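Colleague: how does the following fold in three dimensions:
(4 chains)
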Number of protein chains: 2
Amino acid sequence: MATIKDVAKLSETSVGTVSRYLNGYPIKTVNKEKIKEAIKCLNFSINSIARGLKTNKTFTVGILIPKLANLFSTSVIEGMDQVFDAFGYSILVCDSKNSLEKEKEKLKLFKDKLVDGIILMPVNNSEQHIREIQESGMPIVLMDRLVNNLQCDGVVSDNVNGAYQAVEAIINRGHRRIAIIAGPQNIYPAQERLEGYLRALKDYNIEVDHNLIYEAELTREGGYQGITSFCVMDEPPTAIFTSNDETTIGAYKAILERGLVIGEDISLFGYDQTELCQMVRPQISVVIQPLETIGRRSAEILISRMKGNYTGFPIVNRLKTEIVVTDSVKTVS
Amino acid sequence: MATIKDVAKLSETSVGTVSRYLNGYPIKTVNKEKIKEAIKCLNFSINSIARGLKTNKTFTVGILIPKLANLFSTSVIEGMDQVFDAFGYSILVCDSKNSLEKEKEKLKLFKDKLVDGIILMPVNNSEQHIREIQESGMPIVLMDRLVNNLQCDGVVSDNVNGAYQAVEAIINRGHRRIAIIAGPQNIYPAQERLEGYLRALKDYNIEVDHNLIYEAELTREGGYQGITSFCVMDEPPTAIFTSNDETTIGAYKAILERGLVIGEDISLFGYDQTELCQMVRPQISVVIQPLETIGRRSAEILISRMKGNYTGFPIVNRLKTEIVVTDSVKTVS
DNA sequence: TTGTATGCGTTATCAC
DNA sequence: GTGATAACGCATACAA
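Modeller: The predicted structure is shown next:
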């Protein structure tokens, strides 16, 4: 790779002049031409990393996600990418594989002058390593999951209401034994969705049966196991609410394998509108989060922070969800 | 952020000594203790980017994909990540959004000492920019898509046979008017899959009807439009073969919306086993690519190249596919 | 306007 | 073993 030095030599100027040319400062027209020529000739282009070492700006942002391989993550990332792209930022995506260790590791990599800012969907409620990022002066915004004991910018969806509306819709169709496949309670949206479930039951005077609360990992296996556990009960639930896209898919699969008919033998209300939920018959009722908007808003906040605008810290955007109710929830009398 | 210089000062040694400690060279025990102490005290950790500037090694690899948001991409990436992780490499994922311009741009970013090697799923058959990467000495391996006029390491699946077997299975169930939703013919696997289709027809003495070949973008819209176009024909096909995961989903959607019953009114054979294909009834017949293996093999080749082992260049791995035939293909007599 | 010198955080090469 | 010091590729203050 040709460097700025090579360009200086070939154009018979100096590195200073070349650098000034590259950064748009005024230089003599003669030199400009010679430098242009040399750059083309050497196929030179600027090394943005080395530049970042000096300027502390790389025009790159890091995105760290606990699991890349699902609709939620990739949709949100697409939303972010739109915005970042429009503002001239490149994105670098990393997967923490649901491991706090990996999360710390990748965050460290980002901090090493690799990126100008970070969007993080944290693995869980741990806060110390995030706080260190903040103290280092690197802008960071949380996405989808806030962290309980941390002041930090963030964009989340209104999980409590999302879950509440779902459970309410189930109740309105006449169900009383409503189960939830909840997520780990050290994860923020999982907490909130369980809270929404509980609140709805309370508002409609339905007593909570703790056997109907299955705390699972937010994975397909988690959803699958949840169904399995409910189905062997003496008095199984008539309707089941799942807490995210993956548990919904897992639950669907388990129900299918047991030969049960959704909307007849058992009712299902999921979270996040995957293709599966839309294309299967009956369609699955779901809470829909504005995934791309979550991505876009996170990006917008981060950009404003990277520009040095720290007004209103911490900004927490809580975006509204919608529900789609289908025949996957049976109307009972 | 504390630097090596701060550590040297606090531990009353020199940057040289600290660096040697950090890199595992022998140093006096007294100093070792003092340095350890200082590192802990300052919460220092090494800046891998600055180090990379000097050593030309960052233990990071770049992965560039034309579209992140689908099963294919994320599954393959998971496979890679397993291997890279085991070898101590971090991965950085970028999306070229199906744009050659973006592909060049991101490749440039990678080349700027950001990564030690690259895995690329190219947008199309353009080769010049890839050749420049090779000439710069940066190892690169192509994934899923080879490039026609380029010598380069690569891992692909056996698309010709995959498509052949699918079409053969359709023929064996008695179909004669078999359509294909093919991809753009400047994309390698799309070429190969069309070739497999043609070859199967030829081997079974079925004349090619060019109206039954719909060249679409490899997107949901592409698949959707393909179906739409076939359905308005005077003599529509009885079976349709789609070229990738996205066109399969789009085709499925279009068929659903038209109220046609798969396996009755029309037969469908897809590519890539998404959740949708498995969970819908009847299940969709598909060609299954070994996604994670594609990822793992690409990673293994890249690692060996990054270690300086260039034997057998160019290595091209062509992995076998499997087919699953279901009642989505009607048996006609 | 221009070139030179210095520094970003690290490693590597020296003498010592 | 150790401590200065020169690189890595670039930006920038400064003197010219």
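Colleague: hey, let's count contacts and neighbours off CA atoms from now on
Modeller: Fine.
Colleague: contact residues of the stretch 1-150 of chain A facing DNA strand C?
Modeller: A:12-17, A:26-31, A:50-51, A:53-54 (Cα under 7 Å from any atom of the strand).
Colleague: okay, residue A:107: pLDDT?
Modeller: As predicted, residue A:107 sits at a pLDDT of 94.
Colleague: do residue A:241 as well
Modeller: Residue A:241 carries a pLDDT value of 98.
Colleague: now restrict the residues of the stretch 1-150 of chain A next to DNA strand C to buried residues only.
Modeller: Applying a neighbour-count criterion of 16 or more other Cα atoms under 10 Å in any protein chain shown, the buried members of those are A:13-15, A:17, A:31, A:50, A:53.
Colleague: in strands only, show me the residues of the stretch 1-150 of chain A next to DNA strand C.
Modeller: Counting by DSSP state E, no part of those is found in strands.
Colleague: looking at these, which two lie furthest apart in space?
Modeller: Using Cα to Cα, the pair of these lying farthest apart is A:30 and A:53, separated by 30.5 Å.
Colleague: number of residues surrounding residue A:312?
Modeller: Residues within reach of residue A:312, counting by other Cα atoms under 10 Å in any protein chain shown, total 8.
Colleague: which SSE is immediately downstream of the one helix or strand residue A:190 maps to?
Modeller: Counting by DSSP states H and E, the element that carries residue A:190 is helix A:188-203. Counting by DSSP H and E, the next helix or strand C-terminal to helix A:188-203 is strand A:213-215.
Colleague: strand partners (parallel or antiparallel) of that following strand?
Modeller: Strand A:213-215 has its sheet partners listed here by DSSP bridges as strand A:178-182 (parallel).
Colleague: ok, and the closest non-adjacent residue to the residue in the stretch 151-300 of chain A positioned nearest to chain B?
Modeller: Residue nearest to chain B within the stretch 151-300 of chain A: residue A:276 (5.2 Å; Cα to the nearest Cα). Ranked by Cα to Cα, 6 or more residues apart in numbering or on different chains and with sequence neighbours excluded, the top spatial neighbour of residue A:276 is residue B:276, at 5.2 Å.
Colleague: ok but the one you found is inside a strand, no?
Modeller: No: counting by DSSP: H, G, I helix; E, B strand; the rest coil, one finds residue B:276 to be helix, located in no strand.
Colleague: what's around residue A:185, how many residues?
Modeller: Based on other Cα under 10 Å, the number of other residues close to residue A:185 is 17.
Colleague: that one belongs to a helix?
Modeller: No: going by three-state DSSP, the assignment for residue A:185 is coil, not a helix.
Colleague: sorry, back to before: out of the buried ones among the residues of the stretch 1-150 of chain A next to DNA strand C, which sit inside helices?
Modeller: A:15, A:17, A:31, A:50, A:53 (DSSP state H).
Colleague: what's the closest of these to residue A:41?
Modeller: Minimum separation from residue A:41 among those (Cα to Cα) is found for residue A:31, which lies at 14.9 Å.
Colleague: can you give me the helices in the stretch 151-300 of chain A?
Modeller: With helices called from DSSP state H, counting those that start in this stretch, the stretch 151-300 of chain A shows them at A:159-172, A:188-203, A:220-231, A:245-257, A:275-279, A:291-306.
Colleague: of those, which shows the lowest average pLDDT?
Modeller: Comparing mean pLDDT across the helices of the stretch 151-300 of chain A, the lowest value falls on helix A:275-279: a mean of 93.
Colleague: just to revisit the earlier point, among the helices of the stretch 151-300 of chain A, which comes closest to residue B:224?
Modeller: Residue B:224 lies closest to helix A:275-279 among the helices of the stretch 151-300 of chain A, at 13.6 Å (Cα to Cα).
Colleague: helices and strands around the closest one, which ones?
Modeller: Contact partners of helix A:275-279 among helices and strands, from 3 or more Cα pairs under 8 Å, 6 or more residues apart in numbering or on different chains; DSSP states H and E: helix B:275-279.
Colleague: list of residues touching the helix it packs on?
Modeller: A:253, A:256, A:275-276, A:279-280, B:249, B:283-286 (Cα atoms under 8 Å, 6 or more residues apart in numbering or on different chains).
Colleague: for the residues you listed, I'd like a selection string for ChimeraX - just the buried members, please.
Modeller: Paste this into ChimeraX to select the buried members of these, with burial taken from 16+ other Cα under 10 Å:
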select /A:253,276,279 /B:249,283,284,285,286
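Colleague: what would the contacts of helix B:275-279 look like in TSV with distance to DNA strand D?
Modeller: Formatted as TSV, the entries for the contacts of helix B:275-279 read as follows, by distance: Cα to the nearest atom of the strand, whole Å:
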residue	distance to DNA strand D
A:253	53
A:256	58
A:275	45
A:276	48
A:279	51
A:280	53
B:249	44
B:283	54
B:284	52
B:285	51
B:286	48
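Colleague: out of the contacts of helix B:275-279, who's nearest residue B:173?
Modeller: Of all those, the one with the least separation from residue B:173 (Cα to Cα) is residue B:285, at 12.6 Å.
Colleague: alpha carbons of stretch A:284-304, in CSV - could you do that?
Modeller: Coordinates of each C-alpha in stretch A:284-304 appear next as CSV, following Å, rounded to 0.1, in the frame of the first residue of the first chain:
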residue,chain,number,x,y,z
ILE,A,284,-50.0,-16.0,14.9
SER,A,285,-51.1,-13.1,17.0
VAL,A,286,-48.1,-11.0,17.9
VAL,A,287,-46.8,-7.8,19.5
ILE,A,288,-45.0,-5.9,16.9
GLN,A,289,-42.1,-3.7,17.8
PRO,A,290,-41.0,-1.0,15.4
LEU,A,291,-37.7,-2.7,14.8
GLU,A,292,-36.2,-0.4,12.1
THR,A,293,-37.3,2.7,14.1
ILE,A,294,-35.6,1.4,17.1
GLY,A,295,-32.5,1.1,15.0
ARG,A,296,-32.9,4.5,13.4
ARG,A,297,-33.5,6.3,16.7
SER,A,298,-30.5,4.7,18.4
ALA,A,299,-28.4,5.8,15.5
GLU,A,300,-29.7,9.3,15.6
ILE,A,301,-29.0,9.7,19.3
LEU,A,302,-25.5,8.3,18.9
ILE,A,303,-24.7,10.6,16.0
SER,A,304,-25.8,13.6,18.0
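Colleague: buried stuff in it?
Modeller: A:284-299, A:301-303.
Colleague: is that stretch positioned near chain B?
Modeller: No: no part of stretch A:284-304 sits near chain B under the criterion Cα under 8 Å from any Cα of the partner chain; the closest distance found is 12.0 Å.
Colleague: show me what contacts the residue in the stretch 1-150 of chain A that DNA strand C sits nearest to?
Modeller: Distance from DNA strand C to each residue of the stretch 1-150 of chain A (Cα to the nearest atom of the strand) is smallest for residue A:27, at 3.1 Å. Contact analysis of residue A:27 by Cα under 8 Å, 6+ apart lists A:17, A:20-21.
Colleague: and it, what's its pLDDT?
Modeller: 94.
Colleague: shouldn't residue A:254 be in contact with residue A:227?
Modeller: Yes: the criterion here is Cα atoms under 8 Å, and residue A:254 meets it with residue A:227 at 6.3 Å.
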